[in-house]
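> have a look at this prediction, sequence included:
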Amino acid sequence: MAANKCSLAAADAPSITHVVFDMDGLLLDTEKLYGEVQENILARYNKTFEWSLKAKMMGMKAIEAARLFVEETGLNGLLSPEEFLVEREDMLRTMFPACELMPGASRLIQHLHANGIPICVATSSHTRHFQLKTQKHGELFSLMHHIVRGDDPEVKQGKPSPDVFLVAAKRFEGGPVDPKKILVFEDAPAGVLAAKNAGMSAIMVPDPRLDSSYHETADQVISSLLDFNPSEWGLPPFDKPAS
Ligand SMILES: O=P(O)(O)OC[C@H](O)CO
Ligand SMILES: [Mg+2]
C-alpha cells in the first residue's frame, strides 16, 4: 500500500475490523533479554553481538534463530544450535518472569477490548516461554480472543512465513477473517514481512537501533504504541490523549 509512513490519509486507510499483536518486543520488553543473553554467550568466544544479526533473528522461531546465530557468528564446530538453545534457556528462564510491558501496550489492548474490537496475539514464542513471560501479565492477556504460539501444530513455518498470522485470522469468531480487515502490530522485520505475506496491514514499532531500511515493508512506522492513532485505521478513537 502506498501509504505515508507517518500518517495515513483517511481515504487510503483500510477498514480494519480485527487486530493482531506480536508479543516479544511489541507488547513485552523481552527482546532486550534475548540480546543480553546472546551478548553474554558471544563474550565467552571474544565476539560481539551485532544489531545487524539481532535484526534478522528477531521474531524467528527459536531453532531457526539459533541456526542463524551459530552460522553468522562463526561458532560452527564450537557450539551447535541445540547447545546454544540449552545454554540460552538457563539464563532466559530466570529473566522472563520479571519482564515488563512495552509503553502503551496496556492502554491499547484495554481500549480495543472495551470497544469490542476482536484482538489476538500471534507470537513465534513457544508455549513454555509464553507462560514464563506472561506470568505477571495474565489479566491483560486474558483480554485476547485467542493466542497463537510458535509451537502450534498448525504453524508449520516461522515468520516471515505468513502461517502464524493466517492461523490467527482463522481462529477469530466467524473466521477466517479477510486479511484486508486485519491490522498487525509488529516490531521485527521478519514479523512485518510475515504480516504482509498474509495480506494484512502492518504497523511497525521498531527498536530505534534497527536499521531504517527495514521500515520499508511496513504500512506505517511509529516509535511507540502510545503514538498509534486508531482513527487512521477506522478504529474507535481514544477518549483522552496518552499521558
Ligand atoms: O516477537 P515474537 O512474539 O514473534 O517472538 C519472537 C521470539 O520469541 C524472540 O525473537
Ligand atoms: Mg516481536
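Happy to help now that I have it. Ligands and ions are numbered 1, 2, ... in the order given.

> give me the domain ranges for the protein.
18-29+100-233, 31-98 (automatic domain parsing).

> just the helices from the chain, written as ranges.
With helices called from DSSP state H, the chain shows them at 31-43, 51-57, 62-72, 81-95, 105-114, 127-133, 138-141, 163-170, 189-197.

> any chance of the domains of the chain in a markdown table, plus mean neighbour count and distance to ligand 1?
Backbone N, C-alpha and C define where each C-beta goes, glycine included. Listed next are the domains of the chain as a markdown table, based on neighbours: other CB atoms under 10 Å; distance: least, CB to the nearest ligand atom, whole Å:
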| stretch | mean neighbour count | distance to ligand 1 |
| --- | --- | --- |
| domain 18-29+100-233 | 19 | 3 |
| domain 31-98 | 16 | 5 |
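
> can you list the ones you listed in TSV and add distance to ligand 2?
Converted to TSV, the domains of the chain look like this (distance: least, CB to the ion, whole Å):
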stretch	distance to ligand 2
domain 18-29+100-233	4
domain 31-98	5
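
> what does stretch 141-159 rub up against?
For stretch 141-159, contacts defined as CB atoms under 8 Å, 6 or more residues apart in numbering pick out 21, 59-62, 64, 109-110, 113, 118-127, 130, 134, 163-164, 167-168, 171-173, 188, 190-191, 193-194.

> residue nearest the centroid of this structure?
D22 (3.1 Å; CA atoms, centre = their mean).

> contact partners for that one?
D22 makes contact with 59, 121-123, 184-188, 191 under the criterion CB under 8 Å, 6+ apart.

> now for those: which two are most distant?
V121 and A188 (14.2 Å; CB to CB).

> identify the residues contacting the closest residue to R67 other than its chain neighbours.
Distance criterion CB to CB, 6 or more residues apart in numbering; nearest residue to R67, sequence neighbours excluded, is P81 at 4.7 Å. Shown in contact with P81 (CB under 8 Å, 6+ apart): 63, 66-67, 69-70.

> would you reformat those as a markdown table and include distance to S223 and pLDDT?
A markdown table is the format used below for the contacts of P81 (distance: CB to CB, whole Å; pLDDT from 0 to 100):
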| residue | distance to S223 | pLDDT |
| --- | --- | --- |
| I63 | 31 | 92 |
| A66 | 30 | 97 |
| R67 | 31 | 97 |
| F69 | 27 | 97 |
| V70 | 32 | 97 |
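
> dump the residues you listed to TSV, plus distance to L226.
Listed next are these as TSV, based on distance: CB to CB, whole Å:
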residue	distance to L226
I63	34
A66	33
R67	36
F69	32
V70	37
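
> so which of those residues comes closest to R209?
For the contacts of P81, the nearest to R209 is F69 (17.7 Å; CB to CB).

> pretty sure that closest one is touching M57, no?
Yes. Between F69 and M57 a contact is recorded at 6.3 Å, counting by CB atoms under 8 Å.

> between those two, which contacts overlap?
What both F69 and M57 touch, as defined by CB under 8 Å, 6+ apart, is an empty set.

> any chance of the domains of the chain in a markdown table, plus distance to S243?
Formatted as a markdown table, the domains of the chain follow (distance: least, CB to CB, whole Å):
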| stretch | distance to S243 |
| --- | --- |
| domain 18-29+100-233 | 9 |
| domain 31-98 | 24 |
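
> between the ones you listed, which one is closest to P241.
Comparing the domains of the chain against P241 with CB to CB, the closest turns out to be domain 18-29+100-233 (9.2 Å).

> and the closest one, end to end?
11 Å (CA to CA, to the nearest Å).

> just the mean pLDDT for that domain, thanks.
For domain 18-29+100-233, mean pLDDT rounds to 98.

> list the contacts for the residue lying closest to S106 once chain neighbours are set aside?
What sits nearest to S106 in space, not counting adjacent residues and going by CB to CB, 6+ apart, is L140, at 5.8 Å. With contacts taken as CB under 8 Å, 6+ apart, L140 has the following neighbours: 101, 105-106, 109-110.
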